[in-house]
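1. sequence below, structure please.
(chains A and B)
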Amino acid sequence: MSRRLIPLLRIQMLMAWRGFLSRSRGGRSRIPLGPLMVPLLLMAFIPLVGMVITVCWSFYLAADRLGQGELLITMVTGAAQILCLMFGVFYVISAFYFSKDLKLLVPLPVRPGEIILVKFLGILAGEYLTIAPLVIPGFLVYGLQADVAWTYAPFALIIFLLLPVLPLVVSSLFALGLMRVASFSRNRDFWRVAGALIGVVLAVVFQFMGRFAGDSGFMVGADQVEQAERLLQERGALVEAVGSYLPTSLWATNALRAGAPAWGLGGFLQFVAAALGSLLLMVWAAEKLFLGGLEGGAAGGRSRRLRTGELVQQAGVARSVLAALVLREIRLLNRTPAFLMSAVLPVVLVPLFSLLPVIQEPGLRDLIASGRETAAAHPALAAAAMGVVGLLNGFSSLGATAISREGRYFWISRSLPAPAHLQIRAKVIHGLLFSLLNTVVVLGLLQFFGLLRITTLLYVLVGGILLSAAATYVALLPDLLRPNLDWTDPQQAMKGNINVLWSMILVFLLIGLLAAVAVFLYLVRAALMLPGLVVICGVLAVVLDRLVGQLADRLYLEYA
Amino acid sequence: MIELQQVSKSYSRGGRKAVDNLTLTVPPGEVFGFLGPNGAGKTTTIKMMTGLLRPDAGTIRIDGFDMAREPLQAKARIGFVPDSPDVYDRLTGLEYLAFIGDIYGVPAVDRQRRIQMLGEQFELTDALGDRIESYSHGMQQKLVLMGALLHDPPVWILDEPMVGLDPKSAHTLKELMVQHTRRGRTLFFSTHVLEVAERLCDRVAIIKAGRIIACGTLDELRHGQTGESLEEIFLELTEK
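-> Below you'll find the model as predicted:
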């Protein structure tokens, strides 16, 4: 590393900080939410943090009764690392290969490893916000409850700061390899998205397999009762069991646990060495692979001459304004790997998280089978499935970032003679296309569990789409009020966009409200619930189309 | 016809006046040049004319349509080229032009004819099947120009349209600009290339610190100045 790293890092951090401030102030909006943002955000987080503290406290008390209170440290550090690993591939690919500032950075006299390290540190800063609500309450609860050494606070701070390093390095190594291989392909963008999704699936499956392997190591082929007793009674046995497939969590626990030899210095040094060593490995890999993977990265698309008559043929297809706007949304999303990966992720993860536990736990399968007939016939099942489709659509960042994603191209939308409400409608229709995917996934899962009936299918199809439309309009609202158009890395428009959080809260409230309405309808008359819900969702979708459209017509004129 | 009546715009919550009480009329059939030093308010004025910025005060009419009250009708009559040619880099050139054709309602036959004609004039036909991300800056500028002219708009508003163009394309554009006004249509463009303005423009306006400090034909501008060329007059006026 050279002296050039510091100015490089300083300018990246300055840009990130100013971008954050600009987004917080809502520079493109006349809605004066800026000063209210911090208190509103804190208020939104209070229930979540409160819940995590309560869970940590209860967990600590239960584990401490078995003399294994330090398991709390193992669990929160493990969960945080899994979280970073699962989504890391997306952020890493986006920051390393699709940042708009790469064309300024690459020509500078700096080494590829230095560019990657600086980008990596930028991602790291973002990950602290992700893991903080989980890790800080866990560390606080343990620090206050256990009789910890004087080293606890400084070690905990450093461990928190280094916690995302190893999973992000694993993601980075995967991304560097993937992009290098994909750069050989003609259809690079496809392989980038497919490869990243495979990476996420592998990360999730690895967690389940790890758990399975951990279980089997202790429980199979031995006296199970005796082994279980050993796990519960022997001090540190549970920590070792969990830590066997996440050694960094084990080292973090050894560094922080009360009564650790030499105040936990051994575990601390192991943890720090692993984090720093992995960083060096990543820098080395970046030196070998980064520039090769970057080649053609910006110009990853097809490049060919038009065939004779092709120009005439393509230019001769006239579409309606709405169709043209929807087609633009589809093309721009499908061809921007960083956006597509985020949009497709729920479609991949939902079946994965639903199926893996069932595949691994025969007991769970039996439980579902025993209540199958009753559950399949109950109207609550279709209502719940509708809710899941709506939630998935609202929670995917598609609606929540629909305007932000336009970024520096937003001038085109604003200078077009196409009404803003029509542009918003096109964005919602585009979101509904993904909703169809979500619907297929939910219906597929119901079928897998033997719970699908024809009435359920119809209600989920119609009701799910209508609810998704309403949820997308609701999800769009924060982005309409305060679009985040000034981004350099596409992930800043998606993950780094605070509007995603707001839209999640709003969609959650909407679905919660509809759930309450469903219960009310059920109590009035069970047969009323599903048709009533579908009608309400339909009315909501139409009303929101009008209201959000009118708001867009006004706001599109006001953005500065 | 472009009419600006007492248009003002401030940034930083009124702390910095970018355009100050600007009144201007560009009649059809006239090549109108808009000149000024960096930061004088040219791009802000153009953004207000095209509906990208809302003025704090004053009215803007494009071919009789008020940009504040009838923005869609006004925008439909404009062909706009911004100062930086940012277009959807994930689309191909042809997809972008087809999108613009759809939005402006250009009939299929007219669209085919104009894309072919403009593609040949700007020598971009061969690249129209490529993604825009592979284009050079000049090629992107040509594509934005093609998009702006595709619907044959009666009013052209061009912000630094020559930047990045090769000499042949710049020459083509200048010819198109002259032909456009000969058809009795309106042309408003900003430029820093004073030779081009001197040769092409029927009238020019010079803006400084948000205010028009001179407006008229070259002969009218020469009145009271010692300089002969537009460059000399510009320097005299803007350095006062």
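2. and the next element down the chain from the lengthiest helix in chain A?
-> Determined from DSSP state H, the single longest helix within chain A is helix A:112-145. The C-terminal neighbour of helix A:112-145 among helices and strands, as given by DSSP states H and E, is helix A:152-162.
3. that next one vs helix A:112-145, what angle?
-> Relative orientation of helix A:152-162 and helix A:112-145, computed by axes from the mean of the first three to the mean of the last three C-alpha atoms, to 10 degrees: 140 degrees.
4. list the buried ones in stretch B:223-234?
-> B:Leu230, B:Ile233, B:Phe234 (16 or more other C-beta atoms under 10 Å in any protein chain shown). All C-beta atoms are positioned from the backbone trio N, CA, C, and that covers glycine.
5. what of stretch A:487-504?
-> Neighbour counts over stretch A:487-504 (16+ other C-beta under 10 Å) mark A:487-500, A:502-504 as buried.
6. buried stuff in stretch A:547-560?
-> Of the residues in stretch A:547-560, A:Val548, A:Gly549, A:Leu551, A:Ala552, A:Asp553, A:Leu555, A:Tyr556, A:Leu557, A:Tyr559 count as buried by neighbour count, 16+ other C-beta under 10 Å.
7. any stretches of the chain with poor pLDDT?
-> Assuming you mean chain A. Residues of chain A meeting the criterion pLDDT under 70: A:1-2, A:19-42, A:44, A:184-188, A:206-238, A:241-245, A:295-308, A:357-365, A:560.
8. that's the wrong chain, I meant chain B
-> B:240.
9. longest helix anywhere in it?
-> helix B:167-182.
10. give me the contacts around that helix.
-> B:28-31, B:121-123, B:138, B:142, B:145, B:149, B:156, B:161-162, B:165, B:187, B:189, B:196, B:200, B:202 (C-beta atoms under 8 Å, 6 or more residues apart in numbering or on different chains).
11. chain A: which of the buried residues of stretch B:223-234 is nearest?
-> Closest approach between the buried residues of stretch B:223-234 and chain A, by C-beta to the nearest C-beta: B:Phe234, at 28.3 Å.
12. packing partners of the helix or strand where that closest one lies?
-> B:Phe234 belongs to helix B:230-238 when assigned by DSSP H and E. Applying 3 or more C-beta pairs under 8 Å, 6 or more residues apart in numbering or on different chains; DSSP states H and E, one finds that helix B:230-238 contacts helix B:194-200, strand B:203-208, strand B:211-216, helix B:218-222.
13. so which residues make contact with the third one?
-> If I follow you right, that is strand B:211-216. Under the criterion C-beta under 8 Å, 6+ apart, residues B:20-24, B:203-207, B:221, B:233, B:237-238 lie in contact with strand B:211-216.
14. do the same with the first one
-> When contacts are defined by C-beta under 8 Å, 6+ apart, helix B:194-200 is touched by residues B:31, B:33, B:35, B:162, B:174, B:177-178, B:191, B:204, B:218, B:229-231, B:234.
15. give me every residue that touches the most centrally placed residue in chain B.
-> Computing the C-alpha centroid of chain B and ranking residues by C-alpha atoms, centre = their mean puts B:Leu158 first, at 1.4 Å. Shown in contact with B:Leu158 (C-beta under 8 Å, 6+ apart): B:Gly79, B:Phe80, B:Val81, B:Ala148, B:Leu187, B:Phe188, B:Phe189, B:Ser190.
16. what subset of those residues is also close to chain A?
-> Among those, the ones lying close to chain A by the criterion of C-beta under 8 Å from any C-beta of the partner chain are B:Phe80.
17. and stretch A:406-416, how far from the chain's centre?
-> Between the mean C-alpha location of stretch A:406-416 and the chain-wide mean there is a distance of 27 Å, by C-alpha atoms, centre = their mean, to the nearest Å.
18. what is the end-to-end distance of it?
-> Chord length of stretch A:406-416, first to last residue, is 14 Å (C-alpha to C-alpha, to the nearest Å).
19. now it: buried residues?
-> A:Glu406, A:Gly407, A:Phe410, A:Trp411, A:Ile412, A:Ser413, A:Arg414, A:Ser415, A:Leu416.
20. got the phi/psi numbers for the first one?
-> Think A:Glu406. According to degrees, to the nearest 10, the main-chain angles of A:Glu406 amount to phi -70, psi -30.
21. select only the buried ones of the contacts of strand B:211-216 in PyMOL?
-> The buried residues among these can be selected in PyMOL (16+ other C-beta under 10 Å) with this line:
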select buried, chain B and resi 20+22+24+203+204+205+206+207+221+233+237+238
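22. make TSV from the contacts of strand B:211-216 and add distance to A:Ala527 to it.
-> Converted to TSV, the contacts of strand B:211-216 look like this (distance: C-beta to C-beta, whole Å):
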residue	distance to A:Ala527
B:Asp20	69
B:Asn21	69
B:Leu22	67
B:Thr23	69
B:Leu24	69
B:Arg203	76
B:Val204	76
B:Ala205	73
B:Ile206	77
B:Ile207	71
B:Leu221	83
B:Ile233	84
B:Leu237	82
B:Thr238	79
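23. which parts of the longest helix of chain A are buried?
-> Neighbour counts over helix A:112-145 (16+ other C-beta under 10 Å) mark A:112-124, A:126-127, A:130-131, A:134-139, A:141-142, A:145 as buried.
24. near chain B, list only the ones from those.
-> Among the buried residues of helix A:112-145, proximity to chain B is found for none (C-beta under 8 Å from any C-beta).
25. which one of the buried residues of stretch A:547-560 is nearest chain B?
-> Chain B has its nearest neighbour among those in A:Leu557, at 5.9 Å by C-beta to the nearest C-beta.
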